[in-house]
Structures are given as structure tokens and as C-alpha cells.
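**Q** Here is a sequence with its predicted model. Questions after.
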Amino acid sequence: MENETFYSSSEVSRQLGISDATLRTWKSRYSDRLIENVHWAKNSDGSTLWTETGLLQLHSFRNGSVARNGNGETEAFQDETEALQDRYSPLVDAVADALTTRLLQRIDRQVKGNVQRAIATPMSPSECISVLEDLGIKPADPLALIKGSNIAGLLNETTETGD
């Protein structure tokens, strides 16, 4: 760190346009990214002096952009919104799971109710024929099908053989 330019905390605060308190908060909050003797150092009187590398890192915090760590490697700055998302992600997942379970139960009840109503309500002859045709079955004698007689002869030969 010889021959390097150092900045006092008040100079850094002015350059960044932040308060001294914010600078102290960042130094504490991002202690994993603001490394002693890389980004900052203690003066003989105990005050913090910031390096050029430290100043660049602090600029990235302010801008929420990419900065270089002490090894010259690029690392992305995770802004507070992303940190909050990470923090509350388990809660969001738990709520989504609970809602999904309840929603599926409600859908199941609704479908069962609709099926029971459909079964309880007899089909008209034309509805019956439409359903069969939708299924790819063409009755040879729709009236015989509706009356329930001669079940074996209800389908056309072409339908049974797949033609």
C-alpha cells in the first residue's frame, strides 16, 4: 500500500454525495467486500483512510453496478432490493405453496361438483350424439342408441375398423 493515495472518510463522503453515517454503515454492512488493507486502512490516530480501490468499490455500492474486488476480479454488487428478495424468498415460497394447495383443493371440489351435476342431468339425444362424434365415434343409428336397443349394431363398420 506504499505510494498509494489515501482519502479520509469525510473526503470520500463528499465525493460520493453520501453522509458519514452512510459510509460507516456501508463499511459495516459490506465488510465482506470492503477488506482492510485493500479498500481501507486505519491511520495511527484510529481514523479510517480509503484507498483508490476502496473508493471504486464504494462508487459501485452507490450506483448498484459492477465493481472490482481486491484481487482485480469482477463481482456484481447485490443491491438492497435483491437482498430483500433473498431474505424473504422462503416466506414467498411458503405462501405460494399454501395458496397452491388451497387453490388445487378448491378446483378439485369445483370439478367434482360440475361432474356430479353433469351426471345427474340426462343428456338430450343431440347432446349424446355430439359427445360421441367429439370422441370420434359415429353412431350408425342415433335413434337406436338413444333408445338403448341393438347396442352391437350402433357403430358404423368404418368406425370400428378405424377407416
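**A** Sure, I can see it.
**Q** right, and the helix or strand after the lengthiest helix in the chain?
**A** If you go by DSSP state H, the chain has its longest helix at helix 80-120. Sequence order places helix 125-134 as the next helix or strand after helix 80-120, per DSSP states H and E.
**Q** model confidence over that following helix, on average?
**A** Helix 125-134 shows a mean pLDDT of 79.
**Q** What residues of it count as buried?
**A** The neighbour-count check on helix 125-134 (16 or more other Cβ atoms under 10 Å) flags 129, 132 as buried. Every residue, glycine included, has its C-beta placed from N, CA and C.
**Q** Got the domain ranges for the chain?
**A** 7-77, 79-121, 122-163 (automatic domain parsing).
**Q** weakest of those in terms of mean pLDDT?
**A** Confidence, taken as mean pLDDT, is least for domain 122-163 of these (a mean of 65).
**Q** ok but Ala41 is inside a strand, no?
**A** Yes: with DSSP: H, G, I helix; E, B strand; the rest coil as the criterion, Ala41 is assigned to a strand.
**Q** ok, the nearest residue to it once chain neighbours are set aside - contacts?
**A** Closest residue in space to Ala41, ignoring its immediate chain neighbours: Leu49 at 5.4 Å, by Cβ to Cβ, 6 or more residues apart in numbering. Residues near Leu49 by Cβ atoms under 8 Å, 6 or more residues apart in numbering: 6-8, 40-43.
**Q** List only buried entries from those residues.
**A** Buried members of these, counted by 16+ other Cβ under 10 Å: 6-7, 40-41.
**Q** for those residues, which one is nearest Val92?
**A** Proximity of the buried ones among the contacts of Leu49 to Val92 (Cβ to Cβ) peaks at Trp40, which lies at 36.0 Å.
**Q** Correct me if wrong: that closest one contacts Gly54.
**A** Yes: with contacts counted by Cβ atoms under 8 Å, Trp40 reaches Gly54, the gap being 4.9 Å.
**Q** Good, wrapping up.
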